[in-house]
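K.L.:
3D, please:
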Amino acid sequence: MLNLAKLLGRVSPDEYGAYRHKLPARVGFAVSKDDPTTLVITQVGDEILDTDKTLIMTQVRRDNSDAVHQIMDAAFTYLDIPEKLRPFYEKDYSLSESPKKQSNVLVKA
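P.N.:
Numbering: from 1, shown residues only. As a prediction, this is how the structure comes out:
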């Protein structure tokens, strides 16, 4: 379990607050047709990514046990969220059923 006091000891309250507003409400992704362990990020927040211009990909384990971590790490990189803040923010996201069956979505709790 993540020790909040330890994490925040390395992060100033101002730094924590400065990045909190950048967290997307949702992150959409698609599974590559060529390789089921490759995921392509298709949406970050309200921004639908044109994958011809902006390609964000990540690899996951075959059992998908690290999928949320890998997807959020890619999204946080795109949003320039510092690495030391990512573990704390990541825990707020979970997989959700998308109204569109052809897409997958992580949503912020």
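K.L.:
Stretch 75-82: how far from the chain's middle?
P.N.:
9 Å (Cα atoms, centre = their mean, to the nearest Å).
K.L.:
I should have written stretch 61-70 there, sorry.
P.N.:
That offset, for stretch 61-70, works out to 12 Å (Cα atoms, centre = their mean).
K.L.:
what are the C-alpha coordinates of it, in PDB please?
P.N.:
Only the C-alpha atoms of stretch 61-70 are listed here, as PDB (Å, rounded to 0.1, in the frame of the first residue of the first chain):
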ATOM      1  CA  ARG A  61       1.600  -8.300 -19.800                       C
ATOM      2  CA  ARG A  62      -0.400 -11.100 -21.500                       C
ATOM      3  CA  ASP A  63      -2.600 -11.400 -18.400                       C
ATOM      4  CA  ASN A  64      -3.200  -7.600 -18.400                       C
ATOM      5  CA  SER A  65      -2.300  -7.400 -14.700                       C
ATOM      6  CA  ASP A  66      -0.400  -4.100 -15.300                       C
ATOM      7  CA  ALA A  67      -2.800  -2.600 -17.800                       C
ATOM      8  CA  VAL A  68      -4.100   0.300 -15.700                       C
ATOM      9  CA  HIS A  69      -0.500   1.200 -14.600                       C
ATOM     10  CA  GLN A  70       0.800   1.100 -18.200                       C
END
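K.L.:
Can you list the neighbours in contact with it?
P.N.:
Residues from elsewhere that reach stretch 61-70 (Cβ atoms under 8 Å, 6 or more residues apart in numbering): 36-37, 39, 58-60, 90, 93-95, 106. Where you see a C-beta, it was placed from the backbone N, CA and C, and this is true even at glycine.
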